[in-house]
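Peer 1: mind folding the following:
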Amino acid sequence: MKKTVDLYPMDNSGIIHLAAMRKNYTNSFRITITLKETVCKEKLQGALNYITPRFPTIIAGIHKGIFQYKIKPVEELLEVHSECVCLAPMGEEKIRNCAFRVLYKRNQIIGEFFHSLTDG
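Peer 2: Residues are numbered from 1 along each chain as shown. This is a model prediction of the structure:
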């Protein structure tokens, strides 16, 4: 039997960021952690897989419901990527699937968040 996924309602402050979104601009922010050693992609991926169930409202997508937006935890594991563009815009489909991404670059671990996840 398939497990049902909880949907969390989003408040008005989170909805503002969705309304302000443009094609080349999304309300995203990043947190960068700089390490002394080079990041190992496999270990970072394992850590992300481990913590994903612990943060269902952060590692999540945003869905439009009948009367309001809802935050839906991801059902599939995310994949870490190497950084290529700082704060690349997140399109509507990306936000719907997961409005959070984990990147790495040499000795840095980067988390990019769509503002609605933290404000909503």
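Peer 1: which residues does the lowest-mean-pLDDT helix or strand in the chain contact?
Peer 2: When the helices and strands of the chain are scored by mean pLDDT, DSSP states H and E, helix 12-19 comes last with a mean of 74. Contacts to helix 12-19, defined as CB atoms under 8 Å, 6 or more residues apart in numbering, come from residues 27, 62, 68, 69, 95, 114, 115, 116, 117, 119, 120. Quick note: C-beta positions are derived from backbone N, CA and C, even for glycine.
Peer 1: and of the residues you listed, the nearest to residue 51?
Peer 2: Closest approach between the contacts of helix 12-19 and residue 51, by CB to CB: residue 117, at 14.8 Å.
Peer 1: ok so, going back, of all pairs in the contacts of helix 12-19, which one is the farthest apart?
Peer 2: In those, two members sit farther apart than any others by CB to CB. They are 27 and 68, at 18.2 Å.
Peer 1: the two: which is more packed in?
Peer 2: Taking other CB atoms under 10 Å, residue 27 and residue 68 do not tie; residue 27 has more neighbours (17 against 12).
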